[in-house]
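Participant: Predicted structure and sequence below. I'll ask about it afterward.
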There are 2 protein chains.
Amino acid sequence: MNVKQLIRTVNFTLKQNDLFPEHSRILVACSGGPDSMALFHLLLDVAAHRHIHWHIGVAIMDHQIRRESKDEVLWLQDRVKALNLDFYNVAIDVPAFSMERKISVETAGRDIRYGWLTDLARAKRYDYIAVAHHKNDQAESILAHLIRGSGMNGLQGMSVLSHSYAIPVVRPLLEVKKEALLAYLEERHISYCVDCTNDDIEYQRNRIRHCIIPELEKINPAVIDSLERMSRSVTEDMEFLQQMAQEVFDTLISVDDRSCTVSRRRLRQQPMALQRRLWQMMVRVVDNRLILSFAHQAQLSDIVQTGEVKTFTIARIIIEARCDTIKVYSKH
Amino acid sequence: MNVKQLIRTVNFTLKQNDLFPEHSRILVACSGGPDSMALFHLLLDVAAHRHIHWHIGVAIMDHQIRRESKDEVLWLQDRVKALNLDFYNVAIDVPAFSMERKISVETAGRDIRYGWLTDLARAKRYDYIAVAHHKNDQAESILAHLIRGSGMNGLQGMSVLSHSYAIPVVRPLLEVKKEALLAYLEERHISYCVDCTNDDIEYQRNRIRHCIIPELEKINPAVIDSLERMSRSVTEDMEFLQQMAQEVFDTLISVDDRSCTVSRRRLRQQPMALQRRLWQMMVRVVDNRLILSFAHQAQLSDIVQTGEVKTFTIARIIIEARCDTIKVYSKH
């Protein structure tokens, strides 16, 4: 893929998602590493290709995990200022935060980074946050979910446009392979930090990247493309199923003050694909962070199939089944 | 898993699928290897556990690929006769057949074996053919599909009860791991042939078994269980989506003498998850062996989204789009 094709691919990804309109203000999350260095340069290229103007800012968080990170921030500042783009940085003691909260350094880094980015974007009136996840990251993420057994939802992978945070997060490079980014950096003589502040220090991710994907590529050299294509059709399927489940939820389930009531008989008449989703939606009414495991789903499905009187607890949620009525509510 | 738990697990798998009723006649496909030796012994155990009678026959096909295969057939005959079960065998020159048909030895072996088994089952009035695929085979099969990029259908894996052949094929061991079978054989002092007549000589399968799964297990030691659970929920989702697609097909698409006609506008109103399936169903009317690739699906989806007049060929199928009408028919 030459530079022209690369710019067209990124442009196509953005167009497919109606991104970004003229005069958009885009905050690029940058680590100084190859992916995010390529990202803001490519956004400038796509804007030039479209003959439109985007206001681009570059933000870096110094995780203070490695000694050289401070110098890397200064190095990035020079490069960003040379392009006349806005530059933002912050230094946070991620190791201390992770100790304090008893979470992994990676999780702590990600939580703080997205928190800082959304606050910054809001304060400086940015419309979007752009992050540098590419096709290889997508394949790795899908495999990580598959290996952990997190079910179908994980197979959807990351989306180009996500609304999980207060500011929309965009992944313009999601249909581009890492090797195309490296070739671009080389052709454009864009330098980058090797092993910069990012969360690629995860053991799992490294195993997937360096041991598992090369093994899969021995069987199918295009496995990264295949996984990305699969994730797109899975996403379409999941969206449709979720929509169907929502329609059934609205007609079948009474929601009242953070509790749900449903007729056991009418739930039983639904296909298993919808029953599983309806259960997940019911527990979410009571605890919006609870994700049902396969084991929970099997137990809940048993309640539906039989007619027994049963009370059942998952975390802080009580499921009470008597005669035809199943009620889901909170302990407190 | 001890022997008692193993018997209960196999019994549970069969019960879940309403298998096998009293006096069932079951033909077990056997290679003399550990999995299929465990299979017919376990079926005898389950029958004893249920206090019912099944008529079990054991069938082996000598693929004539290896020298020692003839002795192995005689060895198996002794063991089967000692248990008072019916024994059937046939010798077929698989390498010659594969050369003649220009297909791989594995494909040739499988085609001939299932052909022989169904003919035999019909002639001897067997109700079911039982095969020895277990949980590890299931995980390997799912991974093989995932790696080859064959889309969601591959993620469904094999089913306990399948109707792809003239006689129902049953996989009683699908929820049992290989190690449990080996432990069972050891405890019961059941001998078996190592590297017997089977199709595990495939390069891909061996890479998956010996290189990829052990790598995945380093991240999640229970990955085989996870994949099997995932495949079950994928199957539920796929069945429901297929059923929805069938309903829409019946109302939206006119089928006439191996050709289909559909309104472009009405097709466009369907969610993508159904559009993809409707296309597959339309081409199947014309050529029931054609499986649409992701690339074909993308091209067909373009036809639906735009309004252009276009004629488009896939293998021997013509797709003709003019104004609001799309017609799918055969070249000949």
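Facilitator: Yep, that arrived. Quantities reported herein were computed from a predicted structural model and do not represent experimental measurements.

Participant: which residue ranges form the helices in the stretch 101-250 of chain A?
Facilitator: Here the stretch 101-250 of chain A has its helices, by DSSP state H, counting those that start in this stretch, at A:105-123, A:135-148, A:152-155, A:178-187, A:203-207, A:213-219, A:223-252.

Participant: Now do the longest one, average pLDDT.
Facilitator: On average, the pLDDT along helix A:223-252 is 92.

Participant: Contact partners for A:E228?
Facilitator: The neighbourhood of A:E228, defined by CB atoms under 8 Å, 6 or more residues apart in numbering or on different chains, consists of A:135, A:138-139, A:157, A:174-175. C-beta: built from backbone N, CA, C; applies to glycine.

Participant: For the stretch 1-150 of chain A, give the residue positioned nearest to chain B.
Facilitator: The nearest approach of the stretch 1-150 of chain A to chain B comes at A:G149, 2.6 Å away (CB to the nearest CB).

Participant: and the gap between the closest residue to that residue other than its chain neighbours and B:R232?
Facilitator: Closest residue to A:G149 apart from its sequence neighbours, by CB to CB, 6 or more residues apart in numbering or on different chains: B:S226 at 2.6 Å. B:S226 is 11 Å from B:R232, where distance means CB to CB, to the nearest Å.

Participant: Straight-line length of stretch A:12-32, end to end?
Facilitator: In stretch A:12-32, first residue to last residue: 25 Å (CA to CA, to the nearest Å).

Participant: on that earlier part again, do I have it right that the residue nearest to A:G149 meets A:G154?
Facilitator: No. At 10.5 Å, B:S226 does not count as touching A:G154 under the criterion of CB atoms under 8 Å.

Participant: Touching both of those two, which residues are there?
Facilitator: The contact lists of B:S226 and A:G154 share A:146, A:148, where a contact means CB under 8 Å, 6+ apart.

Participant: which helices and strands sit right next to the worst-scoring helix or strand of chain A on mean pLDDT?
Facilitator: Lowest by mean pLDDT, DSSP states H and E among the helices and strands of chain A is helix A:152-155, with a mean of 75. If contacts are counted by 3 or more CB pairs under 8 Å, 6 or more residues apart in numbering or on different chains; DSSP states H and E, helix A:152-155 sits against helix A:135-148, helix A:223-252, helix B:223-252.

Participant: Tell me how far it lies from the chain's centre.
Facilitator: 12 Å (CA atoms, centre = their mean, to the nearest Å).

Participant: now do stretch A:309-326
Facilitator: Distance, centroid of stretch A:309-326 to centroid of chain: 33 Å (CA atoms, centre = their mean).

Participant: so where is chain A shaky, pLDDT-wise?
Facilitator: A:150-152, A:195-202 (pLDDT under 70).

Participant: which strand is the longest one in it?
Facilitator: strand A:55-62 (DSSP state E).

Participant: which of the helices and strands packed on helix A:152-155 sits most buried?
Facilitator: Mean neighbours per residue, mean count of other CB atoms under 10 Å in any protein chain shown, is largest over the helices and strands packed on helix A:152-155 for helix A:135-148, with a mean of 22.

Participant: Nearest to chain B within the stretch 151-300 of chain A, name that residue for me.
Facilitator: For the stretch 151-300 of chain A, CB to the nearest CB, closest residue to chain B: A:S226, 2.6 Å.

Participant: I'd guess A:Q64 is in a helix, am I close?
Facilitator: No. Read with DSSP: H, G, I helix; E, B strand; the rest coil, A:Q64 is coil and lies in no helix.

Participant: contacting residues around it?
Facilitator: By CB under 8 Å, 6+ apart, the neighbours of A:Q64 are A:91-95.

Participant: And those residues, which of them are buried?
Facilitator: A:92, A:94 (16 or more other CB atoms under 10 Å in any protein chain shown).

Participant: Take the contacts of A:Q64 and keep only those in helices.
Facilitator: A:94-95 (DSSP state H).

Participant: would you turn the contacts of A:Q64 into a markdown table with distance to chain B?
Facilitator: Below are the contacts of A:Q64 laid out as a markdown table (distance: CB to the nearest CB, whole Å):
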| residue | distance to chain B |
| --- | --- |
| A:A91 | 32 |
| A:I92 | 29 |
| A:D93 | 29 |
| A:V94 | 24 |
| A:P95 | 24 |
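
Participant: of all the contacts of A:Q64, which two lie farthest apart?
Facilitator: Farthest pair in these (CB to CB) is A:A91 and A:P95. Separation: 12.3 Å.

Participant: What are the structural domain limits within chain A?
Facilitator: A:3-230, A:257-330 (the TED database).

Participant: distance between the shortest one and the chain's centre?
Facilitator: A distance of 27 Å separates the centroid of the chain from that of domain A:257-330, by CA atoms, centre = their mean.

Participant: distance between the ends of that domain?
Facilitator: For domain A:257-330, the separation between the terminal residues is 10 Å (CA to CA).

Participant: same thing with the longest one?
Facilitator: Across its full length, domain A:3-230 reaches 26 Å end to end, with CA to CA as the criterion.

Participant: Which helix or strand contains A:F312?
Facilitator: strand A:310-314 (DSSP states H and E).

Participant: Then A:V262?
Facilitator: Going by DSSP H and E, A:V262 is part of strand A:259-263.

Participant: what comes up buried for that strand?
Facilitator: A:259-262.

Participant: Make JSON lines from these and add distance to B:Y126 to it.
Facilitator: As requested, those are exported to JSON lines (distance: CB to CB, whole Å):
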{"residue": "A:S259", "distance to B:Y126": "53"}
{"residue": "A:C260", "distance to B:Y126": "49"}
{"residue": "A:T261", "distance to B:Y126": "50"}
{"residue": "A:V262", "distance to B:Y126": "44"}
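
Participant: just those that are near chain B?
Facilitator: Applying CB under 8 Å from any CB of the partner chain, the subset of the buried residues of strand A:259-263 adjacent to chain B is empty.
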